[in-house]
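In: Give the three-dimensional model of this entry:
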Amino acid sequence: MLAASGDFAAADCDEMDNTDPAIAQGGLAVDAPSSFPEVTGMGGTQFDVSGGGNFSKGAAVGYIPETAWNDTTEFDQLDGGGGGASVYFTQPPWQNGVAPPDGMRHVPDLSFPASNLVDPFYIYTTDVSSGGFGVVGVGGTSCAAPSMAGVVALLNQYLVSTGAVTQAGLGNINPTLYHLAQTQSTAFHDIVNGNNIVPCASGSPNCINATEGWPAGPGYDSATGLGSVDVTNLAHLWNTALATQAVVVASLDQNPVYKAADGSWKFTLTLTEEAGIATTFTGLTINGAALTAQIPSLFGTSAIAARGSIQASYTLTNLDVSNGPVNVVFAFSGLDAGGAAWNTTITVPFAGAQPVLAIRTANNAASGQSLFSPGELIGVYGNGMGNFAQSATITPVPEYMAGVEAWVNYGPGFSQTVSAPLLYVSPTQVNLQIPYEVPAGPAQLGIGNPYTFLTYNFTVASAAPGIFSYSTGGAGSPIGSSPARAGDTVAIYITGEGQVSPVVADGDTPSSHLIPTAQQPVSITVGGVPVALPFAFIGVPGWAVGVMQINFRIPDSVGTGPQPIVVTVGAASSLPANITIAE
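Out: Modelled structure (predicted):
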């Protein structure tokens, strides 16, 4: 099996954001299923024709040098070959001594041309309705994966036709690839130039000096893996690297393993033989405690068939996770059918009780009221939401962050769905913007991660204004103001003004030459006295997402002391926010 390693370079979780960001903020990440040990992950290269290349009359007549694929700068969006370390899968034995020695599965394994800028793949299409004919150039690691799949098909055919193997089907090719890399390097074109480094937002995970990612270099690297293949050499050398002893990969069904309701940790161990050589499982320790005698009773057998697997359910108790997850080390050993010894270890974190996703309430981010309108910033409170605390540091703000995504369903029977931009995520709180396109009426908020989600029903009104308040200008004073006098001009900030014109994209700031304002009439009272129109300023400022600024003159007849400010948009009025009026 082969799979694309992803097209957002070293920041592949940012690929879940539909806005094609030009800067990463989700941290280093890799794709599944390319990170599965049983899958060959395909990264990307691009041809380096700066020296003229091996061309004759437009055709390649020899190997064209390659660099790591990274078109991020050219397209002003993340656009390069995915690669790095998995956070879930431990390092399989065949990567030992080749990939970085951090104990985790690394991708890509190989790379093939993937640039949609330098020699893209051309797809020829016909339009059935018009009979027209068209050509489109495409790129990405989704081109690299089927290209290598074609090579594997040719390799399989060659090995069968020459009698090198007696039965079609190569199984997991990764053990042989990595053995070849250690013994027959001419099977590969080592990519030593380029990188999958991308710009990242300051303060985001893994961001150092405003960049994150990996350079290509001699041998294995997290930008191109083992490199691209020399197909002829690969086929001719394949038999020299065929496994001569068993390769056993160990795994758990969870990572981390969470504490069960009865105070124990329950999990399933799996041992899989991936080299096609039967073996006997003879040794097992967990955190140094020997369990060898229990192998037959736990697994039902100590024999692992060629390319087969055995499983056992097990329970641990008395782990101290009061200070956070603890790592448990599993060690396995055995003898294969030829008498060769093998051993492998994996380390897996064991944690406290798994947080259960729950949504308790949602409300206006400024007023705290459970009133909602298009474009409004809201806070959603509950449990088990984000993997960690993270704030958006770029605009457009992302639609996936810290393991969380959100969306709003609306329309008859909630037939329409739109992603909700995220401004802050933590295990207990998510701040997001209700998309502007959600109309007044019943709606449903969805919040979840790749494994589970919950919904929360609410009602959207045309406007639901709330005034942001904090104490820098005195207790209860509006944002940006200090104790003021009658006749002074002050600024307040609200959310929940509803639709604005000109339109602002969800999760984004307005264009520099536009000042969007509420489509409905806006009025203000201070101490019950109406503020004279027009306002000194009203609109979404150039730095803001989902926030409207209003600068206004305090009426001359307002009394001194704390006075309530109330903003009304259309027929909806805010809760009062006090401002202190000095003499």
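In: contacting residues around the helix ranked longest in the chain?
Out: When the chain is parsed with DSSP state H, its longest helix is helix 141-161. Residues outside helix 141-161 that contact it (C-beta atoms under 8 Å, 6 or more residues apart in numbering) are 2-7, 40, 42-45, 81-82, 108, 110-114, 121, 164-170, 173, 229, 231, 234-235, 238-239. Yep, even glycine has a C-beta here, placed from its N, CA and C like the rest.
In: Show only the entries of these found in strands.
Out: Using DSSP state E, 2-4, 40, 42-45, 110-113, 121, 229 are the members of the contacts of helix 141-161 that sit in strands.
In: Would you mind putting those residues into a markdown table with neighbour count and distance to residue 185 alongside?
Out: What follows is those, written out as a markdown table (neighbours: other C-beta atoms under 10 Å; distance: C-beta to C-beta, whole Å):
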| residue | neighbour count | distance to residue 185 |
| --- | --- | --- |
| 2 | 21 | 21 |
| 3 | 22 | 25 |
| 4 | 23 | 25 |
| 40 | 24 | 18 |
| 42 | 31 | 19 |
| 43 | 36 | 18 |
| 44 | 38 | 21 |
| 45 | 31 | 17 |
| 110 | 28 | 14 |
| 111 | 34 | 15 |
| 112 | 24 | 18 |
| 113 | 20 | 20 |
| 121 | 18 | 28 |
| 229 | 21 | 11 |
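In: CSV please, covering those residues and showing distance to residue 422 and pLDDT.
Out: Converted to CSV, the ones in strands among the contacts of helix 141-161 look like this (distance: C-beta to C-beta, whole Å; pLDDT from 0 to 100):
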residue, distance to residue 422, pLDDT
2, 33, 97
3, 27, 97
4, 26, 97
40, 34, 98
42, 30, 98
43, 29, 97
44, 28, 97
45, 34, 97
110, 35, 98
111, 32, 98
112, 34, 97
113, 35, 95
121, 34, 91
229, 41, 97
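In: nearest to residue 377, of these?
Out: residue 4 (35.9 Å; C-beta to C-beta).
In: residues near the residue nearest to the closest one when sequence neighbours are not counted, how many?
Out: Spatial nearest neighbour of residue 4, excluding adjacent residues (C-beta to C-beta, 6 or more residues apart in numbering): residue 141 at 3.7 Å. Using other C-beta atoms under 10 Å, residue 141 has 29 other residues around it.
In: Return the distance of residue 141 relative to residue 508.
Out: For residue 141, the distance to residue 508 equals 28 Å [C-beta to C-beta, to the nearest Å].
In: Repeat that for residue 112.
Out: 36 Å.
In: same thing with residue 364?
Out: Residue 364 is 20 Å from residue 508, where distance means C-beta to C-beta.
In: Go through the protein and flag its longest strand.
Out: Criterion DSSP E: the longest strand present in the chain is strand 341-353.
In: Which residues does that one contact?
Out: 90, 93, 103, 245-252, 254-259, 261, 265, 279, 283, 316, 319, 321, 324-336.
In: how about 6 Å then?
Out: Residues from elsewhere that reach strand 341-353 (C-beta atoms under 6 Å, 6 or more residues apart in numbering): 90, 93, 246, 248, 250, 252, 255-259, 265, 319, 321, 325-335.
In: Which among these count as buried?
Out: Among the contacts of strand 341-353, those buried by neighbour count (16 or more other C-beta atoms under 10 Å) are 90, 93, 246, 248, 250, 252, 255-259, 265, 319, 321, 328, 330-335.
In: hmm, back to that, report pLDDT for the residue nearest to residue 4.
Out: As predicted, residue 141 sits at a pLDDT of 96.
In: From residue 295, how far off is it?
Out: Taking C-beta to C-beta as the measure, residue 141 falls 40 Å from residue 295.
In: Show me what the longest strand of the chain pairs with in its sheet, parallel or antiparallel.
Out: Here strand 341-353 has these sheet partners by DSSP bridges: strand 257-259 (parallel), strand 326-336 (antiparallel).
In: strand partners of the helix or strand following the first one, parallel vs antiparallel please.
Out: Spelled out, that is strand 257-259. Counting by DSSP states H and E, the next helix or strand C-terminal to strand 257-259 is strand 265-273. If you go by DSSP bridges, strand 265-273 pairs up with strand 248-252 (antiparallel), strand 309-316 (antiparallel).
In: Single out the most deeply packed of those.
Out: Across these, averaging neighbours per residue (mean count of other C-beta atoms under 10 Å) puts strand 248-252 on top, at a mean of 22.
In: Now stretch 289-297: buried residues?
Out: For stretch 289-297, by 16+ other C-beta under 10 Å, it's residue 295.
In: Show me how far it is from its chain's centre.
Out: Centroid displacement of stretch 289-297 relative to its chain, using C-alpha atoms, centre = their mean, to the nearest Å, is 39 Å.
In: got the end-to-end distance for that stretch?
Out: Start to finish, the residues bounding stretch 289-297 are 17 Å apart (C-alpha to C-alpha, to the nearest Å).
In: ditto for stretch 334-346
Out: Stretch 334-346 has an end-to-end distance of 15 Å (C-alpha to C-alpha).
In: cool, stretch 352-361 as well?
Out: The separation between the terminal residues of stretch 352-361, taken as C-alpha to C-alpha, is 25 Å.
In: still on that earlier bit, is it possible to export the strands paired with strand 341-353 to JSON lines including mean pLDDT?
Out: Formatted as JSON lines, the entries for the strands paired with strand 341-353 read as follows, by pLDDT from 0 to 100:
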{"stretch": "strand 257-259", "mean pLDDT": "95"}
{"stretch": "strand 326-336", "mean pLDDT": "95"}
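In: Next, format those as JSON lines and append distance to residue 132.
Out: Formatted as JSON lines, the strands paired with strand 341-353 follow (distance: least, C-beta to C-beta, whole Å):
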{"stretch": "strand 257-259", "distance to residue 132": "56"}
{"stretch": "strand 326-336", "distance to residue 132": "59"}
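In: wait, which of the ones you listed is closest to residue 456?
Out: strand 257-259 (24.4 Å).
In: which residues sit against the closest one?
Out: Residues from elsewhere that reach strand 257-259 (C-beta under 6 Å, 6+ apart): 265, 267, 350, 351, 352, 353, 354.
In: between the strands paired with strand 341-353, which gets nearest to residue 574?
Out: Nearest of the strands paired with strand 341-353 to residue 574, taken as C-beta to C-beta: strand 257-259 at 43.0 Å.
In: to the chain's geometric centre, what's the distance from that closest one?
Out: Computed by C-alpha atoms, centre = their mean, the chain-centroid distance of strand 257-259 equals 23 Å.
In: Would you map out the domains in this protein?
Out: Residue ranges for the domains of the chain, per automatic domain parsing: 2-241, 248-352, 358-460, 467-581.
In: Kindly check the end-to-end length of the longest one for me.
Out: When you say that, I think you mean domain 2-241. In domain 2-241, first residue to last residue: 20 Å (C-alpha to C-alpha).
In: what's the spacing between that domain and its chain's center?
Out: In terms of C-alpha atoms, centre = their mean, the gap separating the centre of domain 2-241 from the centre of its chain is 19 Å.
In: Kindly report the same for the last one.
Out: On the basis of C-alpha atoms, centre = their mean, domain 467-581 sits 37 Å off its chain's mean C-alpha point.
In: Nearest residue to residue 168 in space, please, no chain neighbours.
Out: Sequence neighbours aside, residue 160 is the residue nearest to residue 168 in space, at 5.3 Å (criterion: C-beta to C-beta, 6+ apart).
In: Hmm, I typed the wrong one, I wanted residue 292.
Out: Closest residue to residue 292 apart from its sequence neighbours, by C-beta to C-beta, 6+ apart: residue 283 at 5.2 Å.
In: got a pLDDT number for that neighbour?
Out: Here the pLDDT value assigned to residue 283 is 97.
In: For it, identify the helix or strand it belongs to.
Out: For residue 283, the host element (DSSP H and E) is strand 279-286.
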